[in-house]
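Undergrad: Model the structure of this input:
(2 chains)
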Amino acid sequence: MKRFTGFALALLALGAIALAQNALLINGAGATFPYPAYSKWFDVYHKQKPAIQINYQSVGSGAGIRQVTEGTVDFGASDGPMTDEQLKAFTAKRGTEILHFPTVLGADVPTYNIPGVSAELNFTPDALAGIFLGSITKWNDPAIASANKDVNLPAADILVVHRSDGSGTTYIWTDYLSKVSDTWKTKVGTGTSVNWPVGLGGKGNEGVAGLVKQTPYAIGYVELIYAIQNKMPYGKIKNSSGVFVKADLAGVSAAAAGAAKTMPEDFRVSITNAPGKTAYPVSSFTWLLIPARIQDAAKRDAIKGFLHWMLTDGQNYAEGLAYAKLPKEVVARELKALSKIQ
Amino acid sequence: MPENNNPVRGAGSSSGPRSLFSRLRQGDEIARLITLLFAASVVLIALAIVYQLWADSALSRHRFGLHFLVTSVWDPVFEQFGALPFIYGTLLTSAVALLLAVPLGIGAAIFLAELAPQRISAVCTFFIELLAAVPSVIYGLLGVFVLVPLMRQDVQPFLKSTLGFLPLFTGPAYGVGFLTAGIVLALMILPFIISVSREVLLSVPRDQREAALALGSTRWESTWKVVVPFARTGIFGSIFLALARALGETMAVTMVIGNTPQIAASLFAPGYTIAAVIANEFTEATSDLYLHALIELGLVLFLLTFILNGLARLLILLTERKGAEVRA
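TA: Presented below is the predicted three-dimensional model:
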């Protein structure tokens, strides 16, 4: 009897493998930041359409861009839009264009550890840029204190903590600082890793959060999701309309909506410091990178089908996983852009 | 190599060199070829790694040339890359680790192999081998949650107040930095040094000890003046194995070193190592030059290991010669 059960189980397993192999396999690779949302989407979509299976390796944006350019995967994913050079390289190599499709939104928040201060701090763009440039070195510097009149800030040295691993989180943070500070733009610039003027590097959100929590008078930045899930305190940032906004998912979507009007055709847009009274200024899209021409008709239809589902039903899963969903305006434009895939 | 006169190999045939066929039939030649293949594959793998690192770092090698080794800017945005702070960090943390781990490790090995009662030695050895199997990320976590706060609150202020006149122990105490990374590395390589050195000491022939004792030396004298020098080459071997591990360690180091590419005299300052920066930045390296610079760092690490190993061999050779002179 035991033997028979074992045999039946083995048969069942083989059957499952055979079934899985029958499904149309689509491979993607790229950004790690949206991975929880993507893996949920691909899983749910596979259950709805068992004939389509999407594999996604969260190997990082850089590797995602390289692999989709080489053609070793069907689509890529990135936390930062591809540069003009990278677009040219793609066209030269593959004879077609690459399309950017925003999927969800992420945001960064400033988190800090000042013994004796429990109030939520307000940060102006100048204060943040100054702190991360190293030109503001004390917590009671007028640039910080003037926005926090009710808080008694100590005369202690600020310790800056940043990400040491290349990440979309750093891309968003440095993109924001580049927009609000010319000094930052010319001296440091925007990137997944940059040459930090000051501070310590922590590996991952957890590394930055750990260093900030442990070290008195430290300040760092982490993903909004990470701060929410770990119930970390974080500060408000003054947006382009002059309002101090505390980051939440609605504020991030509002920033995307604010930027939607001026969004270019190819969706390669930065939405940091976006207009709008409720817009949270340090947020960004994350993108799927889809080749404009896909030879295999079955694959093309499957990818288009998935994108359509992701932009409509799929969006409802985003907030449950603490990602901000796309605003209506952006969804409408992306649905139109689907026809570009041929 | 005098193959034919080898008494063991030639045992089957008494007269003249055997034909290839008979050697093949007896299996000797087959065994030789198979094991030769295995040995050669190690060399081939090493060469293939160097070739691949060399080929994939072409852009960066052409752009920066030898300046790569002596500049200290690492700026992915403006594509300026220099390896010096990483080389410095790698060497400094490994040196701190060896400085701490070698005396401890050899002392422990001598105790376990020569002086400890059998049962204690067995228990300790079991735990040491257990330590060697702990994944490095666990050491890193211990570093972050236990060692870093301890360093910041107690050890670094203490060092500052007692040895603060040395430039080594100055600057703000962040907890993370060269010293902390060196200590974590020391903990990680200690089991290797102890476990290999102990095996080597145990394999010293019994009659060496007995001869020393018979000549009237004490237990310690026989251990320190006869057994340890006899096992010297093996002990050096364990240290170099440990050094190789320290040079290439990634995860535990990046969690406690502060990840700041800078050259600082103070051991309290945050730094960076080659292995750590590759692990941190490789996945998100979007431009080709950036990627090639990271791969060139890998090449530098490989060469660094190669050079240090060469120096180590030289050291063994020199001490052996000196030992022979003393004996003669």
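
Undergrad: Is the closest residue to residue A:265 other than its chain neighbours within a helix or a strand, and which one?
TA: Closest residue to residue A:265 apart from its sequence neighbours, by C-beta to C-beta, 6 or more residues apart in numbering or on different chains: residue A:337 at 7.9 Å. Quick note: C-beta positions are derived from backbone N, CA and C, even for glycine. Residue A:337 belongs to helix A:328-337 when assigned by DSSP states H and E.

Undergrad: Just the mean pLDDT for that helix, thanks.
TA: Mean pLDDT, helix A:328-337: 92.

Undergrad: How far off centre is stretch B:237-253?
TA: In terms of C-alpha atoms, centre = their mean, to the nearest Å, the centre of stretch B:237-253 is set 4 Å apart from its chain centre.

Undergrad: how about stretch B:74-82, does it get close to chain A?
TA: Yes. Stretch B:74-82 is in contact with chain A by C-beta under 8 Å from any C-beta of the partner chain, via B:74-78, B:80.

Undergrad: Following the chain past the strand or helix carrying residue A:90, name the next helix or strand.
TA: According to DSSP H and E, residue A:90 maps onto helix A:84-94. Per DSSP H and E, helix A:84-94 leads on to strand A:98-113 as the next helix or strand towards the C-terminus.

Undergrad: contacting residues for the residue nearest to residue A:146 when sequence neighbours are not counted?
TA: Using C-beta to C-beta, 6+ apart and skipping residues adjacent in sequence, the residue nearest residue A:146 is residue A:124, 7.9 Å away. Neighbouring residues of residue A:124 by C-beta atoms under 8 Å, 6 or more residues apart in numbering or on different chains: A:143, A:146-147, A:238.

Undergrad: what's the answer for residue A:331, then?
TA: Shown in contact with residue A:331 (C-beta under 8 Å, 6+ apart): A:311-312, A:315.

Undergrad: what does the stretch 101-250 of chain B have sitting close to chain A?
TA: The stretch 101-250 of chain B comes close to chain A at residues B:144-145, B:148-149, B:152, B:172, B:174-176, as judged by C-beta under 8 Å from any C-beta.

Undergrad: what about burial for those, which qualify?
TA: Buried residues within these, counting neighbours by 16 or more other C-beta atoms under 10 Å in any protein chain shown: B:144, B:148, B:152, B:174-176.

Undergrad: Tell me which two in those residues are the farthest apart.
TA: Spanning the widest gap among these are B:144 and B:174, at 12.5 Å by C-beta to C-beta.

Undergrad: is it fair to say residue A:28 lies in a helix?
TA: No. Residue A:28: not assigned to a helix; according to DSSP: H, G, I helix; E, B strand; the rest coil it is strand.

Undergrad: Can you read off the pLDDT for the closest residue to residue B:53 other than its chain neighbours?
TA: Excluding the flanking residues, the one nearest residue B:53 by C-beta to C-beta, 6+ apart is residue B:299, at 4.1 Å. Here the pLDDT value assigned to residue B:299 is 95.

Undergrad: Surely residue B:299 touches residue B:51?
TA: No. Counting by C-beta atoms under 8 Å, residue B:299 stays clear of residue B:51, with 10.3 Å between them.

Undergrad: Neighbour count for the two, which is higher?
TA: Using other C-beta atoms under 10 Å in any protein chain shown as the criterion, residue B:299 and residue B:51 rank with residue B:299 on top: 21 against 10.

Undergrad: which residues sit in contact with that one?
TA: Residue B:299 makes contact with B:50, B:53-54, B:57 under the criterion C-beta under 8 Å, 6+ apart.

Undergrad: hmm, back to that, contacting residues for the residue nearest to residue A:265?
TA: By C-beta under 8 Å, 6+ apart, the residues touching residue A:337 are A:99, A:101, A:265, A:267.

Undergrad: Chain B versus that one, what's the distance?
TA: Residue A:337 is 23 Å from chain B, where distance means C-beta to the nearest C-beta, to the nearest Å.

Undergrad: can you pull the pLDDT of residue A:12?
TA: Note for residue A:12: predicted pLDDT of 56.

Undergrad: In the chain, where is pLDDT below threshold?
TA: Using chain A here. Residue ranges of chain A with pLDDT under 70: A:1-22.

Undergrad: That was the other one, I meant chain B.
TA: Chain B contains residues with pLDDT under 70 at B:1-18, B:321-328.

Undergrad: all strands for it, in order.
TA: Using DSSP state E, the strands of chain B run over residues B:74-75, B:80-81.

Undergrad: any residues touching the first one, and which ones?
TA: If I follow you right, that is strand B:74-75. A:194-195, B:80-82, B:85-86, B:261, B:277.

Undergrad: Quick check on these: which are buried?
TA: Here, 16+ other C-beta under 10 Å leaves A:194-195, B:81-82, B:85-86, B:261, B:277 buried among the contacts of strand B:74-75.

Undergrad: buried sites along stretch B:147-166?
TA: Within stretch B:147-166, the residues that qualify as buried are B:147-148, B:151-152, B:155-156, B:159-160, counting by 16+ other C-beta under 10 Å.

Undergrad: what's the answer for stretch A:240-260, then?
TA: For stretch A:240-260, burial by neighbour count (16+ other C-beta under 10 Å) applies to A:240, A:245, A:247-249, A:251-260.

Undergrad: now it: how far from the chain's centre is it?
TA: How far stretch A:240-260 lies from its chain's middle: 15 Å, per C-alpha atoms, centre = their mean.

Undergrad: measure it end to end?
TA: Distance between the two ends of stretch A:240-260: 16 Å, counting by C-alpha to C-alpha, to the nearest Å.

Undergrad: Kindly report the same for stretch A:52-68.
TA: Criterion C-alpha to C-alpha; first-to-last residue distance in stretch A:52-68 is 20 Å.

Undergrad: near chain B at all, it?
TA: Yes. Counting by C-beta under 8 Å from any C-beta, chain B has neighbours in stretch A:52-68: A:59-63, A:65-66.

Undergrad: Can I get those residues in CSV including neighbour count?
TA: Conversion of the residues of stretch A:52-68 next to chain B to CSV gives the following (neighbours: other C-beta atoms under 10 Å in any protein chain shown):
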residue, neighbour count
A:59, 21
A:60, 28
A:61, 32
A:62, 25
A:63, 24
A:65, 28
A:66, 22
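
Undergrad: Sort out for me which of those residues are in helices.
TA: Members of the residues of stretch A:52-68 next to chain B lying in helices (criterion: DSSP state H): A:61-63, A:65-66.

Undergrad: Take those and lay them out in JSON lines including distance to residue A:47.
TA: As requested, those are exported to JSON lines (distance: C-beta to C-beta, whole Å):
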{"residue": "A:61", "distance to residue A:47": "28"}
{"residue": "A:62", "distance to residue A:47": "31"}
{"residue": "A:63", "distance to residue A:47": "28"}
{"residue": "A:65", "distance to residue A:47": "30"}
{"residue": "A:66", "distance to residue A:47": "31"}
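
Undergrad: Quick check: of those residues, which lies closest to residue B:226?
TA: Nearest to residue B:226 among those is residue A:63, at 56.5 Å by C-beta to C-beta.

Undergrad: Great, nothing more from me.
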